[in-house]
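[1] kindly return the folded structure for what I paste below:
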Amino acid sequence: VQSISTIVLEIGCQAFVTGEGDLDIQLDVGQTMKSETEHDEKDETTEQQLIDEEEIKEDPVQLSIFSHRFMGIAEQMGRTLQRTSISVNMKERLDFSCALFTADGGLVANAPHIPVHLGAMQQAVKYQVTYWNSEGREGLKEGDVLVSNHPQLAGGSHLPDITVITPVFHQGVIIFFVASRGHHADVGGITPGSMP
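    A predicted model of the protein is given here:
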């Protein structure tokens, strides 16, 4: 254990530093025995009560840590997009958004960029997941990157907002998607608002 370390313990646990400098973490024995005794006293336990007892509860500390990590990834994606862009819309106007999505297209975390992008981007990712996994299609492979801007069919906001969607693989299976959407000035439609 270092003098600058921070250690977070589960509720009901105690930690002791040993003479060798190791950390010995012990469960609260009194609480454990009490819960076992209470469980033995229940003669008739319905199936629903068992399900309730076994229900997994979120650890608020881990939830906060991972939430901030995922948000940090989306924010770093945005900074990288801004630095590497040559478009005035993205470099100076910051007319872009970045986010992480689950393997089925659900939003995990987004950076605080353009709200209209973020509201529609999940639909764009879900559409692509459904489209590429539909019958008769090969599905996505490592190295594939999808580009989409269709506002009526594929979750786009309007034609100049182009979405780049990249699947992230682990051992040949998609585990999540990263996506960014940016406004491109030289793309337009035949009607006002750059709709098709």
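
[2] residue 180 - nearest residue in space that isn't next to it in sequence?
    Among residues not flanking residue 180 along the chain, residue 98 sits closest, at 4.5 Å (CB to CB, 6 or more residues apart in numbering). (C-beta placed from N, C-alpha, C; glycine too.)

[3] same check on residue 145?
    That would be residue 166: by CB to CB, 6+ apart, it lies 5.1 Å from residue 145.

[4] residue 104 too?
    residue 129 (6.0 Å).

[5] SS state for the one you found?
    Secondary structure, DSSP: H, G, I helix; E, B strand; the rest coil: residue 129 is helix.

[6] these two touch, right, it and residue 105?
    Yes - with contact defined as CB atoms under 8 Å, residue 129 counts as touching residue 105 (4.5 Å).

[7] name the residues contacting each of these two.
    Counting by CB atoms under 8 Å, 6 or more residues apart in numbering, the common neighbours of residue 129 and residue 105 are residue 177.

[8] show me the contact partners of stretch 81-90.
    Defining contact as CB under 8 Å, 6+ apart, one finds that stretch 81-90 is touched by 91, 94, 95, 96, 98, 180, 182, 183, 184, 185.

[9] got the confidence number for the first one?
    In this model, residue 91 is scored at 84, pLDDT.

[10] that one: what's it in contact with?
    Counting by CB under 8 Å, 6+ apart, residue 91 has contacts 82, 85.

[11] which non-adjacent residue is nearest residue 117?
    Closest residue to residue 117 apart from its sequence neighbours, by CB to CB, 6+ apart: residue 97 at 3.6 Å.

[12] secondary structure element holding the one you found?
    If you go by DSSP states H and E, residue 97 is part of strand 96-102.

[13] lowest-confidence helix or strand of this structure?
    Using mean pLDDT, DSSP states H and E, helix 29-41 stands out as the lowest-scoring helix or strand of the chain, at a mean of 52.

[14] show me what the helix or strand the residue nearest to residue 145 falls within is packed up against.
    Residue 166 belongs to strand 161-170 when assigned by DSSP H and E. Strand 161-170 sits against helix 115-132, strand 146-148, strand 173-183, with contacts defined as 3 or more CB pairs under 8 Å, 6 or more residues apart in numbering; DSSP states H and E.

[15] looking at that strand now, give me its mean pLDDT.
    pLDDT averaged over strand 161-170 gives 91.

[16] okay, now the sheet partners of it, with direction.
    strand 146-148 (antiparallel), strand 173-183 (antiparallel) (DSSP bridges).

[17] any buried residues in the shortest one, and which?
    The one in question is strand 146-148. 146, 148 (16 or more other CB atoms under 10 Å).

[18] repeat that for stretch 144-160.
    Within stretch 144-160, the residues scored as buried using 16+ other CB under 10 Å are 146, 148, 149, 151, 154, 155, 156, 157, 158, 159, 160.

[19] okay, that stretch in PDB with CA atoms only?
    C-alpha atoms of stretch 144-160 as PDB (Å, rounded to 0.1, in the frame of the first residue of the first chain):
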ATOM      1  CA  ASP A 144     -15.300  -2.300 -41.600                       C
ATOM      2  CA  VAL A 145     -16.300   1.400 -41.200                       C
ATOM      3  CA  LEU A 146     -19.800   2.600 -42.000                       C
ATOM      4  CA  VAL A 147     -20.700   6.100 -43.400                       C
ATOM      5  CA  SER A 148     -24.300   7.200 -43.300                       C
ATOM      6  CA  ASN A 149     -26.200  10.500 -43.800                       C
ATOM      7  CA  HIS A 150     -29.800   9.500 -44.800                       C
ATOM      8  CA  PRO A 151     -32.100  11.500 -42.600                       C
ATOM      9  CA  GLN A 152     -35.400   9.600 -43.300                       C
ATOM     10  CA  LEU A 153     -34.200   6.000 -43.400                       C
ATOM     11  CA  ALA A 154     -31.000   5.700 -41.300                       C
ATOM     12  CA  GLY A 155     -31.300   8.100 -38.400                       C
ATOM     13  CA  GLY A 156     -29.600  11.100 -39.900                       C
ATOM     14  CA  SER A 157     -30.500  14.600 -38.900                       C
ATOM     15  CA  HIS A 158     -30.000  16.200 -42.400                       C
ATOM     16  CA  LEU A 159     -27.800  15.400 -45.400                       C
ATOM     17  CA  PRO A 160     -24.800  17.500 -44.400                       C
END
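
[20] no further questions, thank you.
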